[in-house]
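Trainee: sequence and computational prediction follow.
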Amino acid sequence: MKKINAYSHVVQYYETDKMGITHHSNYVRWMEEARVDYLSQLGWDYDKLEEKGIISPVIGIEVKYKGSTSFPDKISIEVSVLACKGVRLQIGYVMKNEEGKPVCEARSEHCFVNKEGRPIRLEKDHPDFYQALAEQIAEG
């Protein structure tokens with residue numbers, strides 16, 4: 001399993017609401033930032049995936065808020081592959097504040113399609129990418 005560094009995000013002022021708390025929708029944006037960074041660390045930048053004709057839309061999101069954040073908190077986002085089966089991928093996220101306390105735990109589910117929108121079976125159609133993901137599946 002390749003060691004992947006956690007993604008770091010600094011809460012921006014515009015991401016907060018009138019009460020100074022990060023608006024809940026921003027956590028989903030941070031998930032995407034962290035996922036793009038994660039794949040890049042694996043050697044699979046989004047532009048590389050698109051060049052190979054692999055598109056990976058989000059088909060589901062689950063978010064559990066554990067605490068609040070505000071400007072200019074530094075948030076560490078740990079990303080893990082939970083499952084990679086057939087045409088679906090599940091990714092887990094744990095967001096922590098500077099004290100290491102979880103502020104959000106989330107999961108996203110993705111499918112893989114080609115440019116025409118037809119499903120791609122990674123294991124068969126892109127075994128190198130499939131293998132890179134499968135090696136990262138979180139244990140336990």
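Mentor: Alright, I've got the coordinates.
Trainee: I figured residue 33 hits residue 10, correct?
Mentor: No. Contact criterion CB atoms under 8 Å: residue 33 and residue 10 do not qualify, at 11.4 Å. Quick note: C-beta positions are derived from backbone N, CA and C, even for glycine.
Trainee: which one of those two has more residues nearby?
Mentor: Neighbour count, other CB atoms under 10 Å: between residue 33 and residue 10, residue 33 has more, with 13 against 10.
Trainee: what kind of secondary structure is that one in?
Mentor: Assigned by DSSP: H, G, I helix; E, B strand; the rest coil, the conformation of residue 33 is helix.
Trainee: mind listing what it touches?
Mentor: Listed by CB atoms under 8 Å, 6 or more residues apart in numbering, the contact partners of residue 33 are 7, 9, 77.
Trainee: contacting residues for residue 22?
Mentor: By CB under 8 Å, 6+ apart, the contact set of residue 22 is 11, 15, 16, 68, 69, 70, 71, 73.
Trainee: rerun at 7 Å
Mentor: Contact partners of residue 22, counting by CB atoms under 7 Å, 6 or more residues apart in numbering, are 11, 15, 16, 68, 69, 70.
Trainee: with adjacent residues omitted, what lies nearest to it?
Mentor: residue 69 (4.4 Å; CB to CB, 6 or more residues apart in numbering).
Trainee: what is the burial count for the one you found?
Mentor: Neighbour count for residue 69, taken as other CB under 10 Å: 22.
Trainee: returning to that earlier point: just the buried residues of the contacts of residue 22.
Mentor: With neighbours counted by 16 or more other CB atoms under 10 Å, the contacts of residue 22 contain buried members at 11, 15, 16, 69.
Trainee: can I get these in JSON lines with secondary structure?
Mentor: Below are the buried ones among the contacts of residue 22 laid out as JSON lines (three-state DSSP):
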{"residue": "11", "secondary structure": "coil"}
{"residue": "15", "secondary structure": "helix"}
{"residue": "16", "secondary structure": "strand"}
{"residue": "69", "secondary structure": "coil"}
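Trainee: so how far is the biggest strand by length in the chain off the chain centroid?
Mentor: Using DSSP state E, we find that the single longest strand of the chain is strand 74-85. Using CA atoms, centre = their mean, to the nearest Å, the distance from the centre of strand 74-85 to the centre of the chain it belongs to is 6 Å.
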